[in-house]
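In: Sequence plus predicted model, see below.
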Amino acid sequence: MFRLCENIRIRHCDELSFFINIHNNTLFSIKRPTMEFLLKRIDQGISEDELKIDEPEFLNFVNSLVEKNILKDAHDGI
């Protein structure tokens with residue numbers, strides 16, 4: 001199960017959305033429909049195992065957000 005890291009805030013500006021790290025002021029932008037889809041999937045409780053089977057491309061995207069410390073695995077103890 002993935003969730004947002006505690007230091008991440010989300011802001012929307014027209015067709016773009018931004019992940020903002022409040023500790024180091026870094027930004028990561030994505031298109032707003034992508035953000036809405038991602039947040040919906042997080043609320044539904046997506047897991048890495050499910051994504052490996054059903055949506056490997058989306059898993060790559062999620063893993064890139066984990067690498068950027070935007071998302072984390074809720075079960076990894078971080």
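Out: Thanks, I have the structure now.

In: Please name the nearest non-neighbouring residue to Phe2.
Out: Excluding its sequence neighbours, the residue lying closest to Phe2 (C-beta to C-beta, 6 or more residues apart in numbering) is Leu71, at 5.0 Å. No exception for glycine: its C-beta is placed from N, CA and C like everyone else's.

In: residues contacting the one you found?
Out: Leu71 makes contact with 2-5, 42, 62, 65 under the criterion C-beta atoms under 8 Å, 6 or more residues apart in numbering.

In: try it again with 7 Å
Out: Counting by C-beta atoms under 7 Å, 6 or more residues apart in numbering, Leu71 touches 2-5, 62, 65.

In: repeat for Asn7
Out: 21-23.

In: Next, it: phi, psi?
Out: Main-chain torsions, Asn7, degrees, to the nearest 10: phi -90, psi 10.

In: All the helices of this structure, residue numbers only.
Out: Secondary structure of the chain (DSSP state H): helices at 32-44, 48-54, 56-67.
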